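Undergrad: sequence and predicted structure are below.
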Amino acid sequence: MPFDPADRTYHVSDERLRAFRALPVEDRLRWVEELAAFLRIAKASRPQKPKRA
C-alpha cells in the first residue's frame, strides 16, 4: 500500500521547541536549509510514477 503523505504526523515536545527557539537565528536557518535539502534528495530518489497518456 503506498504511503499517503497526509497520514504523517510528528509530535515535537515543548522542550524541543524551546531548545530550537533558543538557537541563534543562523543556526535555525541552517537547520531548515539542511532539512529542505534532505527532503529534495529523498523526493528525487523515489521511483517516479508513470505518466498517463
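TA: Received it, and whenever you're ready, just let me know what you need.
Undergrad: pLDDT on the lengthiest helix in the chain, on average?
TA: Ranked by residue count under DSSP state H, the longest helix found in the chain is helix 25-45. Mean pLDDT, computed over helix 25-45, is 91.
Undergrad: which residues touch the helix or strand that contains R16?
TA: Per DSSP states H and E, R16 falls inside helix 14-22. By CB atoms under 8 Å, 6 or more residues apart in numbering, the residues outside helix 14-22 that reach it are 28, 31. Glycine gets a C-beta too; all of them are placed from N, C-alpha and C.
Undergrad: could you tell me the angle between that helix and helix 25-45?
TA: 110 degrees (axes from the mean of the first three to the mean of the last three CA atoms, to 10 degrees).
Undergrad: distance from helix 14-22 to the middle of the chain?
TA: 17 Å (CA atoms, centre = their mean, to the nearest Å).
Undergrad: stretch 36-47 too?
TA: Counting by CA atoms, centre = their mean, stretch 36-47 comes out at 10 Å from the chain centroid.
Undergrad: quick revisit: dump the longest helix of the chain to CSV, restricted to CA.
TA: Only the C-alpha atoms of helix 25-45 are listed here, as CSV (Å, rounded to 0.1, in the frame of the first residue of the first chain):
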residue,chain,number,x,y,z
VAL,A,25,18.8,32.6,14.0
GLU,A,26,21.7,31.5,11.8
ASP,A,27,21.6,28.0,13.4
ARG,A,28,17.8,27.8,12.9
LEU,A,29,18.1,28.8,9.3
ARG,A,30,20.9,26.3,8.7
TRP,A,31,18.8,23.6,10.2
VAL,A,32,15.8,24.5,8.0
GLU,A,33,18.1,24.6,4.9
GLU,A,34,19.6,21.1,5.7
LEU,A,35,16.1,19.7,6.2
ALA,A,36,14.9,21.2,2.9
ALA,A,37,18.0,19.7,1.1
PHE,A,38,17.3,16.3,2.7
LEU,A,39,13.7,16.4,1.6
ARG,A,40,14.7,17.3,-2.0
ILE,A,41,17.2,14.4,-2.1
ALA,A,42,14.6,12.0,-0.6
LYS,A,43,12.0,13.1,-3.1
ALA,A,44,14.4,12.8,-6.1
SER,A,45,15.3,9.2,-5.1
